[in-house]
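> quick one: sequence and predicted model below, then my questions.
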Amino acid sequence: MIQLFMVLTFLISLIMARILIPSISLISVKKRLFDIPNDRTTHKGSIPRLGGLSFYPTILFTMSLVMVMRLLFGDPILEVHILPLVKQLLLLVCGLTLLYFVGIADDLVGVMYRKKFIVQFICACLLPISGIYINHFYGLFGIEVVPEYIGIPLTIFLCVFITNAINLIDGIDGLASSLSGVAFTMFAFLFYAQGLYAYSMLSMSALGVLAPFFYYNVWGRTEKSTKIFMGDTGSLTLGYVLSFLCLKYAMSTPEVVGFTSGAILISFVSLLVPCFDVIRVVLVRLRTGNHAFKPDRNHIHHKFLAMGVGHRRTMCLILLISCGFCVSNLLLFPYVDINILFVADIAVWVVLNLWFDYMRDKYQKGLNKSNDINNDSNK
């Protein structure tokens, strides 16, 4: 029965998003609500940027409908966990509602990053209030149990960090949605294995809404008005849901699901690429004397583009890197110490970026040399 509900959740979300996204695109075109190209963007032409408007309503509708259906069919597993589950999901809805309105305002008229951070901070505070916070490090850095006065502020920080990481990685077609899709797929299986089916269904619902969006975002045609971006409304929604699922899985609740060794690393592994990329970009900005939040073209996808790699191939390569981290960590964590595995992840990321920098610089030197030769021949 529960497998049927899982499939139903995905299908309802997919069908609803498939209906909403073309309508949103049509309205955006008629009202001329476009993302206009500038010196930082990588796309050409005016493209609707309100695809993310479909994310939150679809997830909310799907989850509400399926949860009611489970209650009507008398799901005994749901009835056991109903009180803490309702509190967590209702506060998730509260946070998503606030971010939804901020995202719409930012996509339409723009919002200062300080105001967005304030709203994100408020939304992040809702997670500890719901009972979700980091309370165990599972031996990472030699730390086991984490007291509340450390775990709660850390949870708030990580929620804001993850939300912004997804927002910042949304730089080329399909990248943020595909990386989020990998994370939601992983969480769907992880929570299913723990018997926490409501959280698994939340992941499936988010995955369902991403499927049609990914199609229109990657394969849509600008001249036919079928291409669309998710905008801040979509990226903030995805980031907040992912932070909710990530921190929920990382929390130690042995009285509910038993002790899951290495849960904190496994919960973050699907988000290593966007999170590591944000850390690297901020460090580079500070090292060069720039503002930590000043936009630039130093993200991982910008490196690939500077190597002459096309947009879709860039997306596929970064997605492959993310999947590589997920698969390797899932296979190795039962046999390798969590600290060694974490250090190995950092080392691999650093080596990859040094290699990307080398290849980018080599390509740019060759390009400049070729341009100089062409200029001399034209004189």
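Done, it's in. Residues are numbered from 1 along each chain as shown.

> can you confirm Val111 is in a helix?
No - counting by DSSP: H, G, I helix; E, B strand; the rest coil, Val111 is not part of a helix but coil.

> would you check that it makes contact with Ala105?
Yes - under the criterion of C-beta atoms under 8 Å, Val111 makes contact with Ala105 at 5.2 Å. No exception for glycine: its C-beta is placed from N, CA and C like everyone else's.

> just the pLDDT at Ile82, thanks.
If you check Ile82, the pLDDT there is 74.

> number of residues surrounding it?
Burial of Ile82 is recorded as 15 neighbouring residues (other C-beta atoms under 10 Å).

> check Leu367 too.
As a burial measure, Leu367 scores 12 neighbours (other C-beta under 10 Å).

> check Gly366 too.
11.

> roughly how far does it sit from Asn353?
Plainly put, Gly366 is 20 Å away from Asn353 if you go by C-beta to C-beta, to the nearest Å.

> repeat that for Ser267.
From Ser267 to Asn353 the distance is 23 Å (C-beta to C-beta).

> more neighbours, the two?
Set side by side, Ser267 and Asn353 show more neighbours around Ser267, with 22 against 15, by other C-beta under 10 Å.

> longest helix in the chain, by number of residues?
The longest helix of the chain (DSSP state H) is helix 338-378.

> that one packs against which elements?
Contacts defined by 3 or more C-beta pairs under 8 Å, 6 or more residues apart in numbering; DSSP states H and E place helix 338-378 against helix 263-269, helix 272-287, helix 300-306, helix 311-332.

> so which of those is the most packed in?
Stretch with highest mean neighbour count among the helices and strands packed on helix 338-378: helix 263-269 (a mean of 22; mean count of other C-beta atoms under 10 Å).

> that helix packs against which elements?
For helix 263-269, the packing partners by 3+ C-beta pairs under 8 Å, 6+ apart come out as helix 175-194, helix 231-250, helix 311-332, helix 338-378.

> distance from stretch 345-364 to the middle of the chain?
In terms of C-alpha atoms, centre = their mean, to the nearest Å, the centre of stretch 345-364 is found 23 Å from the chain centre.

> for the closest residue to His136 other than its chain neighbours, give me its contacts.
The spatial neighbour of His136 that comes closest, neighbours along the chain excluded (C-beta to C-beta, 6 or more residues apart in numbering), is Ser252 at 3.6 Å. Listed by C-beta atoms under 8 Å, 6 or more residues apart in numbering, the contact set of Ser252 reads 135-136, 138, 259-260, 263.

> most neighbours, which of those residues?
Of all these, Ala263 has the most neighbours under the rule other C-beta under 10 Å, reaching 22 neighbours.

> now it: how far from Phe333?
10 Å.

> can you find the helix or strand of the protein with the lowest average pLDDT?
Taking mean pLDDT, DSSP states H and E as the measure, the helix or strand of the chain with the lowest value is helix 76-80, at a mean of 57.

> C-terminal to that one, what's the next element?
Later in the chain than helix 76-80, the nearest helix or strand by DSSP states H and E is helix 82-108.

> about what we covered before: switch the helices and strands packed on helix 338-378 over to JSON lines; also include mean pLDDT and distance to Tyr199.
Output for those, formatted as JSON lines (pLDDT from 0 to 100; distance: least, C-beta to C-beta, whole Å):
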{"stretch": "helix 263-269", "mean pLDDT": "92", "distance to Tyr199": "12"}
{"stretch": "helix 272-287", "mean pLDDT": "91", "distance to Tyr199": "20"}
{"stretch": "helix 300-306", "mean pLDDT": "92", "distance to Tyr199": "29"}
{"stretch": "helix 311-332", "mean pLDDT": "94", "distance to Tyr199": "18"}
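
> could I get those helices as CSV with distance to Ala176?
Below are those laid out as CSV (distance: least, C-beta to C-beta, whole Å):
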stretch, distance to Ala176
helix 263-269, 17
helix 272-287, 8
helix 300-306, 10
helix 311-332, 10
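
> so for Gly220, which of those helices sits nearest?
Among these, the nearest to Gly220 by C-beta to C-beta is helix 311-332 (12.8 Å).

> which strands or helices does that closest one pack on?
Contacts defined by 3+ C-beta pairs under 8 Å, 6+ apart place helix 311-332 against helix 175-194, helix 263-269, helix 272-287, helix 300-306, helix 338-378.

> and the third one, what does it pack against?
Spelled out, it's helix 272-287. Under the contact definition 3+ C-beta pairs under 8 Å, 6+ apart, helix 272-287 sits against helix 148-169, helix 175-194, helix 311-332, helix 338-378.

> any idea of the mean pLDDT in the longest one?
The one in question is helix 338-378. Throughout helix 338-378, pLDDT has a mean value of 85.

> what about it, distance to the chain center?
Centroid separation for helix 338-378 versus its chain: 25 Å, with C-alpha atoms, centre = their mean.

> just the angle between that helix and helix 272-287, please?
If you take axes from the mean of the first three to the mean of the last three C-alpha atoms, to 10 degrees, helix 338-378 sits at 60 degrees to helix 272-287.

> helix 311-332 and helix 338-378, what's the angle between them?
Put simply, helix 338-378 runs at 160 degrees to helix 311-332, going by the same axes, to 10 degrees.

> over to the second one?
Direction vectors for helix 175-194 and helix 311-332, defined by the same axes, to 10 degrees, enclose an angle of 20 degrees.

> just give me how far whichever helix or strand comes after helix 175-194 sits from the chain centre.
Next in sequence after helix 175-194, counting helices and strands by DSSP H and E, comes helix 197-219. Offset of helix 197-219 from its chain centre (C-alpha atoms, centre = their mean): 12 Å.

> fine by me, thanks again.
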